[in-house]
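Novice: here you go, sequence then predicted model.
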Amino acid sequence: MAGHFNLERAIRPNILALQPYRCARDDYQDGILLDANENALGHSIVPETQSALEHDTLSLPLHRYPDPSHPDIKARVASLRGLPGPQNVFLGVGSDEVIDLLQRVCVAPGKEKILITPPTYGMYAVCAQVNDIGVVKVPLEVSGEHGEGGDKGRFSVRVDEIKKAVDADASIRLIHLCSPGNPTGTLVSLSAVRAILEHAGFTGIVVVDEAYIDFAGAPQHSAVSLIDEFPNLVVMQTLSKGFGLAAIRLGIALAQPPLIQILTNTKAPYNISTPTATLARAALSPASLSRTRSKIHTLLAARTRLLADLSGLADLRVGPAIGANDANFVVVPILSRSGDGRPDNKRALAVYKALAEEEGVVVRYRGGEMGCEGALRITVGSDEENVVLLQKLKQVLSLL
């Protein structure tokens, strides 16, 4: 035995102190899963291609390392998003690899910081702790006094406060924005993104995470339209949400070529596997893209119906949905049974657990997030799943 060895002395202190990201599947694995914002209608790879893929998967050159750059996939992504070409596209193992890589190439450990806007995606802060970099928080606007989203409404970015933060602290090198946000489901206005990009007091990189952008309606909502103008902008996207391909773990960074080249120079070799690349290529074919758009249209209509049905539960103390509902999920506060109109974290948590453990319907409790008191985040399911959700939710609410 190596009696002289102490594991804690061998591990960096910031890693020992790490609070790991808790994903939806850490809590529940079975039932009607409306907790992870997956595409409830599944992928859209056309049947003919799907059959060929199933037949040929084991015939792929699995004994060979994959293409290190995948220019054909990048070209299809660039065409889809209206960019000049593959030189504007980086591919990662999910968006999480892109987040980690951007922090590693832009922010010096132990010296510099990122800025985040809570409530927001938890992996920005987890990656920062892993990389031993600081985190500055400038919360979103959490008051609903000026409506939902936009420039001043609930979950809008407080641009002036971000400017103050970066002016006061030159060590902030990366700003993470999430649009539409998670858990907010709310777009960041392009005017806000532009104002931050143009701010002379910030010389770092602005990252706009658009994992849910395909559910936000018109393409002009995407910050991709600003890439040609701003070399300090990275837009992150993914095939996990709108494309229904969460299992293949393909994340995307879109930016001007010099920044894409930096990411390419720094990534691990062969980061995108051959099976992942094969599925991604098929998903980006014209026929598959057409099916993807159709399924997204179906989910948006289901979102409208779900919001209307949830608004009918006011007598059971379900509050109006918060946020602008720009993603494939909705966020509703569970209110106190007393009738005082206040969100109730204790009741919301009890409803969440009862739905999952007794009724087989899994949503996500988000009451601990800033501005989301008493909130449940509910992924828009298929019509059949939404019917069961509403039935079970009514049953549980009537008892709790």
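Specialist: Yes, it's here. Given the structure is predicted, the values throughout are model-derived calculations rather than measurements.

Novice: can you tell me who residue 331 pairs with across the strands?
Specialist: Following DSSP bridges, residue 331 is listed with bridge partners residue 322, residue 377.

Novice: if I pick it, what's in contact with it?
Specialist: Neighbouring residues of residue 331 by Cβ atoms under 8 Å, 6 or more residues apart in numbering: 183-185, 321-323, 366, 372, 375-378. (C-beta placed from N, C-alpha, C; glycine too.)

Novice: ok, residue 40 next?
Specialist: 34, 299, 328, 379-382, 385.

Novice: how much space between it and residue 114?
Specialist: 32 Å (Cβ to Cβ, to the nearest Å).

Novice: isn't there a strand covering residue 175?
Specialist: Yes: applying DSSP: H, G, I helix; E, B strand; the rest coil, one finds residue 175 inside a strand.

Novice: tally of neighbours for it?
Specialist: Counted by other Cβ atoms under 10 Å, the residues lying close to residue 175 total 26.

Novice: give me the pLDDT for it.
Specialist: For residue 175, the model assigns a pLDDT of 98.

Novice: where are the low-confidence patches of this structure?
Specialist: 1, 24, 47-55 (pLDDT under 70).

Novice: ranges for the helices of it?
Specialist: 7-10, 13-16, 47-56, 71-81, 94-106, 123-130, 159-168, 190-197, 257-266, 274-283, 286-311, 345-358, 383-399 (DSSP state H).

Novice: nearest to residue 167 among the contacts of residue 40?
Specialist: residue 328 (36.4 Å; Cβ to Cβ).

Novice: if I look at the residue nearest to the closest one when sequence neighbours are not counted, how far off is residue 334?
Specialist: Sequence neighbours aside, residue 215 is the residue nearest to residue 328 in space, at 4.6 Å (criterion: Cβ to Cβ, 6 or more residues apart in numbering). The spacing between residue 215 and residue 334, counted by Cβ to Cβ, is 24 Å.

Novice: out of these two, which sits in the busier spot?
Specialist: Neighbour totals were compared for residue 215 and residue 334, and residue 334 leads with 30 against 22 (other Cβ under 10 Å).

Novice: just give the closest residue to the more buried one, not the sequence neighbours.
Specialist: residue 348 (3.9 Å).

Novice: that neighbour: what's it in contact with?
Specialist: 333-334, 365, 367, 374-376.

Novice: switch the cut-off to 10 Å
Specialist: 318, 332-336, 363, 365-367, 372-376, 400 (Cβ atoms under 10 Å, 6 or more residues apart in numbering).

Novice: check residue 183 too.
Specialist: Taking Cβ under 10 Å, 6+ apart, one finds 37, 119-122, 155, 322-323, 327, 329, 331, 364, 366, 369, 371-372, 375-377 in contact with residue 183.

Novice: same check, this time on residue 247
Specialist: 38, 43, 239-240, 276, 279.

Novice: what is the burial count for residue 104?
Specialist: Neighbours around residue 104, by other Cβ under 10 Å: 16.

Novice: swap that for residue 357, please
Specialist: So residue 357, with other Cβ under 10 Å, has 11 neighbours.

Novice: quick check: it touching residue 28?
Specialist: Yes: checked against Cβ atoms under 10 Å, the pair residue 357 and residue 28 is within contact range at 8.1 Å.

Novice: what's the distance between residue 85 and residue 289?
Specialist: Taking Cβ to Cβ, one finds residue 85 at 18 Å from residue 289.

Novice: more neighbours, the two?
Specialist: Here residue 85 and residue 289 are compared on neighbour count by other Cβ under 10 Å; more neighbours surround residue 289, at 17 against 13.

Novice: list the residues that contact the more buried one.
Specialist: Going by Cβ under 10 Å, 6+ apart, the list of residues near residue 289 reads 44, 46, 76, 79-80, 243, 283.

Novice: now, the most widely separated pair of the contacts of residue 247?
Specialist: 38 and 276 (16.7 Å).

Novice: how about stretch 152-165: buried residues?
Specialist: Residues of stretch 152-165 classed as buried by neighbour count (16 or more other Cβ atoms under 10 Å): 153-159, 162-163, 165.

Novice: just the endpoints, please. Distance across it?
Specialist: 18 Å (Cα to Cα, to the nearest Å).

Novice: top of the contacts of residue 247 by neighbour count?
Specialist: residue 239 (30 neighbours).

Novice: now the nearest residue in space to residue 336 that is not next to it in sequence, what are its backbone angles?
Specialist: Closest residue in space to residue 336, ignoring its immediate chain neighbours: residue 344 at 4.1 Å, by Cβ to Cβ, 6+ apart. Note on residue 344: backbone dihedrals following degrees, to the nearest 10 are phi -130, psi 100.

Novice: so how many other residues sit close to residue 344?
Specialist: Neighbourhood size, residue 344 [other Cβ under 10 Å]: 22.

Novice: which residues touch it?
Specialist: 317, 319, 333-338, 350-351, 367, 373-374, 400.

Novice: can you check residue 75 too?
Specialist: Per Cβ under 10 Å, 6+ apart, neighbours of residue 75: 83, 85-87, 89, 284.

Novice: for residue 17, see how far away residue 320 is.
Specialist: 39 Å.

Novice: pull the number of nearby residues for residue 399.
Specialist: Neighbours of residue 399 (other Cβ under 10 Å): 9.

Novice: surely it touches residue 354?
Specialist: Yes: Residue 399 lies in contact with residue 354 (Cβ under 10 Å); the separation is 7.7 Å.

Novice: mind listing the strands for the stretch 101-250 of the chain?
Specialist: 113-116, 134-137, 172-178, 205-209, 233-238, 250-254 (DSSP state E, counting those that start in this stretch).

Novice: quick one, which of these is nearest to residue 10?
Specialist: Here strand 134-137 is closest among the strands of the stretch 101-250 of the chain (Cβ to Cβ), at 24.1 Å.
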